[in-house]
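>>> Build me a structure from this.
(one chain, ligands or ions: 2)
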Amino acid sequence: MSYVQEVLEQVKKRNPGEVEFHQAVEEVLHSLEPVIEKHPEYAKVGLIERFVEPERVVMFRVPWVDDSGKVQVNRGFRVQFNSAIGPYKGGLRFHPSVYLGIIKFLGFEQILKNSLTGLPIGGGKGGSDFDPKGKSDEEVMRFCQSFMTELYRHIGQDLDVPAGDIGVGAREIGYLFGQYKRIKNQYEAGVLTGKGLTYGGSLARKEATGFGLIYFVREMLAAHGMDFKDKTVVISGAGNVAIYACQKVQEYGAKVIAMCDSSGYIVDEEGIKLDTIKQIKEVERKRIKEYVKYHPNAQYFEGQQGIWSLKCDIALPCATQNDINLESAKKLVETGVKAIGEGANMPCTNEAIEYFLKNNVLVAPAKAANAGGVATSALEMSQNSMRLSWTFEEVNQKLDEIMVNIFKSSQAAAKEYGMEGNYVAGANIAGFLKVADAMMAHGIV
Ligand SMILES: NC(=O)C1=CN([C@@H]2O[C@H](COP(=O)(O)OP(=O)(O)OC[C@H]3O[C@@H](n4cnc5c(N)ncnc54)[C@H](O)[C@@H]3O)[C@@H](O)[C@H]2O)C=CC1
Ligand SMILES: O=C(O)CCC(=O)C(=O)O
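Residues are numbered from 1 along each chain as shown. Ligands and ions are numbered 1, 2, ... in the order given. Sure, this is the predicted structure:
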């Protein structure tokens, strides 16, 4: 058995039932095999064994009282995965599906993503099985306050800096920050990112993940003689990443014909009217099916998988993990898809990715393509440290440069290891090498 295979077996044995974590580790270690072979010194110091084991995992009770006076108990998590190149950094996910395996997969991916940004941030992730859907603002506030009452002792601007993810947006970050400030009795702006603009947030953070995705895909298409003009695009999700990916890709002249939420999807062959989606999702917090009330020519379908049967040139999965399985990948290839841009984390199964690559479909992998969000969070931290704010244009320009650099380093690493055009492997390798160098320098810790 190879060294990589041995580590993988150990991960499965030591983390039973954590299937998303197994999947993420398998995908990464598979790409890293040639790198690990080239560096026998890694095996000597157990570098890969340490790389797949979180530095620290915190799990805690989150009790809160709902509007009817009933006590509710949720579970909170923070996985501080790797701090070799900087303080732990990564979002918080509030969704009923959250358990340790999901937070560990996300934290593991975050290590490589954050490394790719070129900025000094380590990898972490957290969240809770709390479901904000259908809760009143007061319930969300009470939950966030209880969550932070435990989390505050584990985070800090030089230790661990959480942000948003699924179910955690500006509202939740505001409540979390308010409680942290109250408990600590100090104004530590850099302890959370994705903050509101009146209390230390960065312009363009809200747009950054979606815009960054499109900048990365733009570079990838250009490297293969293509662009977005007049392309047909399908986007899954209708949240933060999906909305701003849609905005930027429309600016570049593409036509977005479908979007979805966890209930179903809408198809508008004339092109999605993004203002309506923003109104439904950002203001009213309602289901996407409301769209057809405003635009009767559009259609609504229950369930989400059908979205991948639509004919498109570019597919942008921006909802959640394992959204595109092998079956959906086959449908997309059959209808002539040219490129996949992963806005969500791990939205394609490993089998789907393999199928796309075999069929010459370009894949912009999540770790690289959605790194614009966390990169801009790091820019928010810089502005907080300097106690100043950059303009939208300045932040957006820095974001664009970062995404171009991520594309170039993924491209170069793939080429160096004989896998030209395979940006999935390229991103894993480029992200890993920096972390591995730092871990080697730090000794066995
Ligand atoms: N917000 C950020 O800055 C970043 C987010 N991501 C990833 O992007 C993805 C989306 O996150 P956000 O847009 O921030 O979250 P969000 O909470 O704003 O939106 C999530 C969207 O996905 C949809 N969704 C969730 N589960 C679904 C399911 N099972 N089937 C279909 N649709 C489903 C929801 O209805 C919603 O429209 C996640 O994978 C997240 O980890 C990655 C990098 C940064
Ligand atoms: O901005 C951040 O720190 C979090 C972003 C995030 O959670 C992600 O990249 O998946």
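
>>> how about the residues of the protein that lie near ligand 2?
Within reach of ligand 2 by C-beta under 6 Å from any ligand atom, the chain has these residues: 89-91, 113, 163, 165, 193, 345, 370, 373-374, 377. For the C-beta atoms, the positions are set from N, CA and C on the backbone; glycine is no exception.

>>> In PyMOL, how would I select the buried members of these?
Remark: buried members of the residues of the chain next to ligand 2, expressed as a PyMOL selection using 16 or more other C-beta atoms under 10 Å:
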select buried, resi 89+90+91+113+163+165+193+345+370+373+374+377
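
>>> Nearest to ligand 2: which residue in the stretch 1-150 of the chain?
Per C-beta to the nearest ligand atom, G91 is where the stretch 1-150 of the chain lies closest to ligand 2, at 2.6 Å.

>>> Quickly check the residues of the chain next to ligand 2 for the two that are furthest apart.
Spatial extent of these (C-beta to C-beta) is set by the pair T193 and N345 at 16.9 Å.

>>> just curious, which of the residues of the chain next to ligand 2 is nearest to E138?
Nearest to E138 among these, with distances taken as C-beta to C-beta, is D165, at 22.5 Å.

>>> Can you name the residues of this structure sitting close to ligand 1?
164-167, 169, 209, 237-242, 260-262, 304, 318-320, 343-345, 370, 373.

>>> Can you tell me which of these are buried?
Applying 16+ other C-beta under 10 Å to the residues of the chain next to ligand 1 flags 164-167, 169, 209, 237-242, 260-262, 304, 318-320, 343-345, 370, 373 as buried.

>>> These in helices, which ones?
If you go by DSSP state H, those have 209, 240-242, 373 in helices.

>>> nearest to M439, of these?
Distances from M439 to those, taken by C-beta to C-beta, are shortest for G373, at 24.8 Å.

>>> Now V233: which helix or strand?
If you go by DSSP states H and E, V233 is part of strand 232-236.

>>> Outside of that strand itself, which residues are in contact with it?
When contacts are defined by C-beta atoms under 8 Å, 6 or more residues apart in numbering, strand 232-236 is touched by residues 242, 245-246, 249, 254-260, 265, 304, 307-308, 310-319, 323, 343-344, 347.

>>> Take those and keep only those in strands.
Judged by DSSP state E, strands contain the following of the contacts of strand 232-236: 255-260, 265, 314-317.

>>> now the residues you listed in CSV, with pLDDT?
Shown next, in CSV, are the ones in strands among the contacts of strand 232-236 (pLDDT from 0 to 100):
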residue, pLDDT
K255, 98
V256, 98
I257, 98
A258, 98
M259, 98
C260, 98
Y265, 98
I314, 98
A315, 98
L316, 98
P317, 98
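
>>> Between the residues you listed, which sits nearest ligand 2?
Using C-beta to the nearest ligand atom, these come closest to ligand 2 at P317, 13.9 Å.

>>> For the closest one, name its beta-bridge partners.
Per DSSP bridges, the residues bridged to P317 are S236.

>>> quick one: contacts for it?
Contacts of P317 by C-beta under 8 Å, 6+ apart are 235-237, 323-324, 340, 342-344, 347-348.

>>> One more pass at 6 Å, please.
Contact analysis of P317 by C-beta atoms under 6 Å, 6 or more residues apart in numbering lists 236, 323-324, 344, 347.

>>> what residue is smack in the middle of this structure?
N345 (4.4 Å; C-alpha atoms, centre = their mean).

>>> how near is that residue to I280?
Using C-beta to C-beta, to the nearest Å, N345 is found at 24 Å from I280.

>>> what about stretch 82-96, how long is it end to end?
Stretch 82-96 has an end-to-end distance of 26 Å (C-alpha to C-alpha, to the nearest Å).

>>> Buried ones in it, by neighbour count?
Buried, per 16+ other C-beta under 10 Å, within stretch 82-96: 82-95.
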